[in-house]
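S.K.: From the sequence below, what's the structure:
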Amino acid sequence: MIFCLITSGLLMLVTAIHSRADTLVLSSLNWPPYSGETLKGGGASVVVARAALNAMGHELKVDYYPWSRTIRVVNREDSIYMGYFPEYYHPTDQFVFSSSMGESPLGIIEHHLFPMQWSRITDLNRYTLGVVRDYVNTLELDEMIDSGRQPVETVSSDEHNIRKVATGRIPGAVMDLYVFNYLVAQPHLVGLGEKLQINKQLLDTKKLYVAFKNSDEGIKWREIYNEGLARIDINQVVDEYLKSL
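M.R.: Residues are numbered from 1 along each chain as shown. Modelled structure (predicted):
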């Protein structure tokens, strides 16, 4: 009889726990190795986000879109998404940012025969840089781009910029180092990657975040997510993931 009561109690506890488990739905982009529909586990950032939510007893669902749609689908009135990621911090009233879920070393790719020479960010004004449409770069660089002081050519993906720099169409392009290393290791880009290198001076090491809707529900999920992040070893999760690729 006692065993039956204990068993019944455990079943009720498990049922109660599962009944409280919710699923956070986020949008993301194809930005390997951080995120991507065809990547193992959905990408390094997705693996981190899932681990954080699992630590809190919740689940994660991610849908992937071209970057130009990743934010737009969140802002729709009938949106099922509570936010998007991975994102750099930037001033906005529409979203609230999570605690950092990793880092993104941001640099400039260049042709190995024609390295770019610069020490101050304004020195880049004499070069035309490739940037991806709607990507956040660094605050100072984006201010120079917006004011017209920094010449740029805008493309739809990092892969396009790899091709443009390798063929000499532009002297350099802004790119995350992990993204660059991942892309140039792909069979269809290996030949181009051999012509390229990362400029010796980094632009910045950016933090990565989930951008949650600036709403009561979004703020609630941010608190849950942040607590989950604090319960896991983010660096270990990322390192193990990258080694597994």
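
S.K.: Contacts only, for the residue nearest to residue 245 when sequence neighbours are not counted.
M.R.: In space, and not counting its chain neighbours, residue 245 is closest to residue 33: 6.2 Å by C-beta to C-beta, 6 or more residues apart in numbering. C-beta here means a position set from N, CA and C on the backbone, and glycine is covered the same way. By C-beta atoms under 8 Å, 6 or more residues apart in numbering, the residues touching residue 33 are 39, 43-44, 178-179, 182, 241-242, 245.

S.K.: Ok, residue 213 next?
M.R.: So residue 213 contacts 74, 82-83, 94-96 (C-beta under 8 Å, 6+ apart).

S.K.: what phi and what psi does the backbone show at residue 109?
M.R.: Backbone torsions of residue 109, given as degrees, to the nearest 10, read phi -80, psi 150.

S.K.: about what we covered before: which of the contacts of residue 213 ranks first by neighbour count?
M.R.: The residue in the contacts of residue 213 with the most neighbours, by other C-beta atoms under 10 Å, is residue 83 (28 neighbours).

S.K.: Work out for me the element the most centrally placed residue in the chain sits within.
M.R.: Centroid-nearest residue in the chain, with C-alpha atoms, centre = their mean: residue 86, separated by 2.8 Å. For residue 86, the enclosing helix or strand under DSSP states H and E is strand 83-87.

S.K.: Keeping just the C-alphas, turn that strand into PDB.
M.R.: C-alpha atoms of strand 83-87 as PDB (Å, rounded to 0.1, in the frame of the first residue of the first chain):
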ATOM      1  CA  GLY A  83      12.200  36.700 -30.300                       C
ATOM      2  CA  TYR A  84      15.200  35.900 -32.500                       C
ATOM      3  CA  PHE A  85      18.800  35.100 -32.200                       C
ATOM      4  CA  PRO A  86      21.800  35.100 -32.400                       C
ATOM      5  CA  GLU A  87      22.100  38.900 -32.300                       C
END
